[in-house]
Structure formats: structure tokens, C-alpha cells
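**Student:** Need a 3D model of the sequence below.
(one chain, ligands or ions: 1)
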Amino acid sequence: MRSLRDKLILITGGARGIGLAMARRLGRDGGRIVLADLETEELDRARESLQQDQVECSVFTLDVTDIEALPDFRQRLHDQLGPVEVLVNNAGVVFGGPFLDLPLDKHLLTYQVNVSGVVAMTYYFLPDLIAAEEGHLVNIGSASGLVPLPWGSTYASSKWAVLGFTESIRQEMAELGHKHVGVTTVCPGYVDTGMFDGVRPPLLMPFLKPEQLVEKVRTAILKRQEMVLEPYLVKLTPLLKGILPRFLSDGLADLMGVTTGMKSWSGHAEEPGD
Ligand SMILES: NC(=O)c1ccc[n+]([C@@H]2O[C@H](COP(=O)([O-])OP(=O)(O)OC[C@H]3O[C@@H](n4cnc5c(N)ncnc54)[C@H](O)[C@@H]3O)[C@@H](O)[C@H]2O)c1
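**Tutor:** Prediction:
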């Protein structure tokens, strides 16, 4: 995408964290920002905070798991603002803990938000990106979409799904001749938003600042990069996982503290859906 100026940019889960940082950054480039989030009060706070940085945005209360509401939401957006040109599927949840200690509904909610929400939003908004002169889809996965994550098994596997889904859609766009639609999967390590509070980050992989990450995502949109793998060690992960026998990759993950990091997860004081 040559420029973000005047592009209609829809960010799910945009009321705080990475989504809000993305709104601030892409808004500074002149993008027309739309935030969609479950949390109405957080959305109002986000809008005020963006206004202080001279970034105007429209906000919509939306639950991405409410699949039946999505066609109406799309119609409202079209009526009020026009078709979307950049979709950032960012809304996500995590519930840490030993698999059997968490209620099943938390595991299933993780899949509903992180997987079904992403698939359904893409289903309803990809036609806008295809119809646009230039369009871009950004799906926020995670470094845990590349590795196992004990104490976060459904979170990690939801992100494995995001990675497989987004990479497949990317190739599908190219095969169908929609070369004007860029597709990016974002796989960050831990980011300092509160979502992973309490976690001990792996060796040599300190928490990223959301602002650092969104700078890379902005570049990926402008340069049509397929993947954002941050911090640097995450770039090496697919290679190491591919060439090392499992006992060595497991051993390396143990040594770096990837295997045990989630044991001390506390997360946000309150999660959406609580
Ligand atoms: N923080 C990290 O360390 C980290 C690392 C890798 C990937 N990610 C991913 O980045 C994305 C953003 O994470 P964050 O750290 O900013 O988290 P966050 O909790 O700060 O923000 C997530 C936002 O999503 C919204 N949301 C949750 N469920 C929703 C639903 N059903 N419908 C609409 N909105 C909903 C929340 O209200 C919240 O505003 C997530 O997909 C997350 O999995 C985060």
C-alpha cells in the first residue's frame, strides 16, 4: 500500500493495548480510524486519548464473537463511512493456567474470539479489500503461534490457527489475481499491554512496547511484508523448529524459559467476558 492517507482502517479490539497504539500510529499517517471493541467505556477513553494526539476516530461497540451481528455492522460502516480498506484483526483474549484447571468455557471463548472472530471478520470485510484500489489485511497472531505454550495451550493453538488461516488467505489472494490485497500475519513475543502481566519473559526476549511493534506493522502494510516476527529471536524460531530434533527444540525452549513463562500469568485485572 503506497500510503495510509485517507484509507479507512478498521481495528478490532482497538480500545486499548496494541490496537490503540496501532490506531495512534496509523492515524498520524492520515488514516481514517475506526475502532471496534467489546468495551464501550474503554472505547470512549480511547477516542479521547487519540483526540489529544489530533487523531480523529469513529468507535463502535462490537463483539467479534457475535457473528450474526457482523453483516449489520458492515452495513452501518458502509452507510456512515464507506468500505474498509485496511482491516486489522487484533481483538484477542488469553486465559492462562493448567489446561484442566480452567473452565472449558474459557478455552472455548479463546477460540471464539481469537479464531472464529478473525475468520468471520475476514469473511465479511475481505470483499471490501478486494473491491478497493488497494487493500490490506493484518491478522494479529503471536510468537506462541510458532511454538507450544504450556499454561496457554488454547491461546497458543488459537494463534497457530491464525497463522495457518492468514498465510492461506495470502496465497489465495495471489492465486485469485487479487495482487492489490496485501496480507500480513503479526507474530510478536510478549508485549507490555497487561494481557500477559505476571509472565516471566523468555531469555533475550524482553517485553516489547506496543509502540515498537506497531511501527513494524505500519512498515509491513506500506511494504507489503507477509510476516512481522518480533523481537529478533522470533524470526529464528521457524528455522530452529524446522531443523532441530524435538528433544533439542524442547530443551532450548526450557533453557530460555518459554516452557515455564506462563506459570506465573496473571493478565489484566479483569478480562472481557468476565
Ligand atoms: N500483549 C501481548 O503480549 C501479545 C503478544 C502476542 C500477541 N498478542 C495479541 O495482540 C492482540 C492485542 O493484544 P493486547 O495485548 O493489546 O491485548 P489487550 O487485552 O490489551 O487488548 C485486547 C482488546 O480486545 C478487546 N476484545 C476482547 N474480546 C473481544 C471481542 N469478543 N470483541 C471485540 N473486542 C474484544 C478487548 O476489549 C481489548 O480492548 C491480541 O490478539 C493478542 O492475542 C498480544
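**Student:** and the stretch 151-274 of the chain, which residues reach the ligand?
**Tutor:** Contact residues (Cβ under 6 Å from any ligand atom) of the stretch 151-274 of the chain with the ligand: Pro188, Tyr190, Val191, Thr193, Gly194, Met195, Phe196, His268, Pro272. All C-beta spots, glycine's among them, are computed from the backbone N, C-alpha and C.
**Student:** Gly145 contacts Trp160, doesn't it?
**Tutor:** Yes. Contact criterion Cβ atoms under 8 Å: Gly145 and Trp160 qualify, at 5.0 Å.
**Student:** Who has more neighbours out of those two?
**Tutor:** More crowded of Gly145 and Trp160, by other Cβ atoms under 10 Å: Gly145, with 24 against 18.
**Student:** Name the next helix or strand following the longest strand seen in the chain along the chain.
**Tutor:** Looking across the chain with DSSP state E, the single longest strand is strand 181-188. As assigned by DSSP states H and E, the chain's next helix or strand after strand 181-188 is helix 210-223.
**Student:** what pLDDT, on average, does that following helix get?
**Tutor:** Average pLDDT, helix 210-223: 98.
**Student:** what does stretch 45-53 give?
**Tutor:** Averaged over stretch 45-53, pLDDT sits at 97.
**Student:** In terms of pLDDT, where does Phe115 sit?
**Tutor:** Actually, residue 115 is Val. It isn't Phe. Confidence score, pLDDT, at Val115: 98.
**Student:** If you could redo that for Asp274, that was the one I meant.
**Tutor:** On the pLDDT scale, Asp274 gets 50.
**Student:** Same check on Ile169?
**Tutor:** Ile169 is given a pLDDT of 98.
**Student:** ok, it - how many residues close by?
**Tutor:** For Ile169, the tally of surrounding residues (other Cβ under 10 Å) stands at 18.
**Student:** Look up the closest residue to it, ignoring the ones flanking it.
**Tutor:** The shortest distance from Ile169 to any non-neighbouring residue, by Cβ to Cβ, 6 or more residues apart in numbering, is to Val183 (5.8 Å).
**Student:** end-to-end on stretch 96-116?
**Tutor:** 20 Å (Cα to Cα, to the nearest Å).
**Student:** quick one, what contacts the residue of the stretch 51-200 of the chain found nearest the ligand?
**Tutor:** Residue of the stretch 51-200 of the chain nearest the ligand, by Cβ to the nearest ligand atom: Gly92 (2.3 Å). Under the criterion of Cβ atoms under 8 Å, 6 or more residues apart in numbering, the neighbours of Gly92 are Gly13, Val113, Asn114, Ile140, Ser158, Met195.
**Student:** Which strand or helix spans the fifth one?
**Tutor:** In other words, Ser158. Per DSSP H and E: helix 153-175 holds Ser158.
**Student:** What is that helix packed up against?
**Tutor:** Packing contacts for helix 153-175, counted by 3 or more Cβ pairs under 8 Å, 6 or more residues apart in numbering; DSSP states H and E, involve helix 104-111, helix 117-131, strand 135-140, strand 181-188.
**Student:** wait, which of those is closest to Val88?
**Tutor:** Of all the helices and strands packed on helix 153-175, the one in closest proximity to Val88, counting by Cβ to Cβ, is strand 135-140 (4.5 Å).
**Student:** Poorly predicted segments of the chain, please.
**Tutor:** Scanning the chain for pLDDT under 70 picks out 270-274.
**Student:** could I get the helices and strands packed on helix 153-175 as CSV with mean neighbour count?
**Tutor:** Output for the helices and strands packed on helix 153-175, formatted as CSV (neighbours: other Cβ atoms under 10 Å):
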stretch, mean neighbour count
helix 104-111, 16
helix 117-131, 19
strand 135-140, 25
strand 181-188, 25
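**Student:** Tabulate these (CSV), appending distance to Arg24.
**Tutor:** Putting the helices and strands packed on helix 153-175 into CSV (distance: least, Cβ to Cβ, whole Å) gives the following:
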stretch, distance to Arg24
helix 104-111, 27
helix 117-131, 21
strand 135-140, 15
strand 181-188, 16
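**Student:** and Met1, which of the ones you listed is closest to it?
**Tutor:** strand 135-140 (5.2 Å).
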